[in-house]
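>>> After the sequence you'll find the predicted model.
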Amino acid sequence: MKQVTRLTLVSRRYCHLCQDMEKALGQLATDLGVEVEVVDVDADAALEARYDELVPVLLHEGRELCHYFLDVSKVRDYLNEIG
């Protein structure tokens with residue numbers, strides 16, 4: 001059985017760009033059969049030090065796929081590549 005790909009969205013509660021990316025990811029995740037884990041950047045000092053001003057950041061296994069805005073074509077291409 002194929003393992004489900006899990007993407008990580010590094011986000012924060014009061015960030016409208018974060019909310020927009022999370023909403024956009026909902027449909028993409030459904031279309032591509034991936035799971036999205038949302039992580040609060042402010043709850044982890046290491047994440048905050050690395051991504052503070054870049055949020056939202058979409059990651060797969062530590063690899064940055066996009067930040068600020070969801071780049072749907074880049075994420076689709078990447079997921080097809082690792083397929």
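Yes, it's here.
>>> check contacts around residue 76.
Residue 76 is in contact with 28, 32, counting by CB atoms under 8 Å, 6 or more residues apart in numbering. Backbone N, C-alpha and C define where each C-beta goes, glycine included.
>>> How much space separates it from residue 50?
25 Å (CB to CB, to the nearest Å).
>>> The one helix or strand residue 7 maps to: which residues count as buried?
Per DSSP states H and E, residue 7 falls inside strand 6-11. Residues of strand 6-11 classed as buried by neighbour count (16 or more other CB atoms under 10 Å): 7, 8, 9, 10, 11.
>>> check contacts around the second one.
Residues in contact with residue 8 (CB under 8 Å, 6+ apart) are 36, 37, 38, 39, 58, 59, 60.
>>> Mind doing that once more with 6 Å?
Neighbouring residues of residue 8 by CB atoms under 6 Å, 6 or more residues apart in numbering: 37, 39, 59.
>>> Disregarding residues adjacent in the polypeptide, which is nearest to the second one?
Which is residue 39. residue 10 (5.4 Å; CB to CB, 6 or more residues apart in numbering).
>>> what do you get for the first one?
Counting by CB to CB, 6+ apart, residue 8 is the residue found nearest to residue 37 once chain neighbours are left out, at 5.1 Å.
>>> That neighbour pairs with what?
residue 37, residue 59 (DSSP bridges).
>>> ok, now how distant is it from residue 21?
Taking CB to CB, one finds residue 8 at 12 Å from residue 21.
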